[in-house]
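Enquirer: Sequence and predicted structure, then a few things I'm wondering about:
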Amino acid sequence: MRVVVPFGAQSPKTRLAPLLDGAERRDFAVAMLRDVLDAVCDAGGTPLVLADAPLDAPIDAPVAVDDRPLTDAVNNQLAAGTPVAVVMADLALATPEALTRLFETAGDVVAAPGLGGGTNALVVRHPDFSVDYHGASIADHRRLADEAGATFVEVDSLRLAVDVDEPADFVDVLLHGEGRAHEWVVDAGIRLQRGDGRVGVVRARR
Ligand SMILES: Nc1nc2c(ncn2[C@@H]2O[C@H](COP(=O)(O)OP(=O)(O)OP(=O)(O)O)[C@@H](O)[C@H]2O)c(=O)[nH]1
Ligand SMILES: C[C@H](OP(=O)(O)O)C(=O)O
């Protein structure tokens, strides 16, 4: 399976600014990308990193640079032929097993929803389907599949549902992560903070 992995290389992970400075956000984003690429390869996928600018860190996969907005860049990849998968680069908990299940699930469009309304991963087998990212994109993709006459199937997976957008997402990385991204967060001094309510994170040092 051809697997497109979008990567915003210009100013990655701006919503993590409360805990990480610019260089750290770049470094952490690359750690997550490397974990995702390993998981894609171990699941039998052939990854292509779709970046909005050249990467300054070595990556063990081919890179296509396309500086158009995310949706346009991904739709251009879909136009190159199906089946194709799109797996976001910030899925710090992704495992080969979870991706294998995604890739093997039958359907014209198979989606792994993100917590909070996004679409963390997709398999597209229908030539008339196109993406529209940002906002509650899972709802948009459900509608777009319907309009294209494509079946739409969602996979239920914690490991694919967690994308690291905001500091609170570090909770799941600390609790369930295993790879470079997990190690990066621990080394940065980010720790769980238990209180009366929901568990949060705190950074012990900067
Ligand atoms: N090719 C490409 N990938 C992008 C672009 N923007 C985001 N991505 C990637 O798309 C996925 C989802 O990104 P988001 O979480 O929406 O945005 P982000 O840029 O990572 O983070 P924020 O700056 O906090 O919004 C991640 O894998 C990003 O690396 C873009 O403009 N072009
Ligand atoms: C790309 C976008 O990601 P989010 O901003 O929801 O993390 C989406 O899944 O539509």
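Expert: Thanks, I have it. Ligands and ions are numbered 1, 2, ... in the order given.

Enquirer: Show me where the protein has its helices.
Expert: With helices called from DSSP state H, the chain shows them at 22-42, 70-79, 96-104, 137-147, 158-161, 170-176, 180-187.

Enquirer: tell me what the shortest one is packed against?
Expert: Just to be clear, that refers to helix 158-161. Packing partners of helix 158-161 (3 or more C-beta pairs under 8 Å, 6 or more residues apart in numbering; DSSP states H and E): helix 96-104, strand 109-113, strand 119-124. For glycine as for every other residue, the C-beta is placed from the backbone atoms N, C-alpha and C.

Enquirer: rewinding a little: tell me which of the helices of the chain sits nearest to ligand 1.
Expert: Nearest of the helices of the chain to ligand 1, taken as C-beta to the nearest ligand atom: helix 70-79 at 4.1 Å.

Enquirer: List of residues touching the closest one?
Expert: 4, 6, 8, 48, 50, 52, 64, 66, 68, 84, 86, 124, 129-134 (C-beta atoms under 8 Å, 6 or more residues apart in numbering).

Enquirer: Tell me which of those fall in strands.
Expert: 4, 6, 48, 50, 64, 84, 86, 124 (DSSP state E).

Enquirer: picking that back up, would you list the buried entries among the contacts of helix 70-79?
Expert: With burial judged by 16 or more other C-beta atoms under 10 Å, the buried subset of the contacts of helix 70-79 is 4, 6, 8, 48, 50, 52, 66, 84, 86, 124, 129-131, 133.

Enquirer: circling back: out of the helices and strands packed on helix 158-161, flag the one nearest ligand 2.
Expert: strand 119-124 (4.4 Å).

Enquirer: if you look at that closest one, does any of it touch ligand 1?
Expert: No: Strand 119-124 is not in contact with ligand 1 by C-beta under 6 Å from any ligand atom; minimum separation 8.3 Å.

Enquirer: How about the residues of this protein by ligand 2?
Expert: By C-beta under 6 Å from any ligand atom, the residues of the chain that approach ligand 2 are 70, 114, 118, 119, 133, 134, 137, 163, 165.

Enquirer: Closest one of these to residue 151?
Expert: Set against residue 151, the nearest of these by C-beta to C-beta is residue 119 (15.9 Å).

Enquirer: give the contact list for residue 148.
Expert: Counting by C-beta under 8 Å, 6+ apart, residue 148 has contacts 108, 126, 128, 129, 130.

Enquirer: What pLDDT is listed against the nearest residue to it once chain neighbours are set aside?
Expert: In space, and not counting its chain neighbours, residue 148 is closest to residue 128: 4.0 Å by C-beta to C-beta, 6 or more residues apart in numbering. Turning to residue 128, the model gives it a pLDDT of 97.
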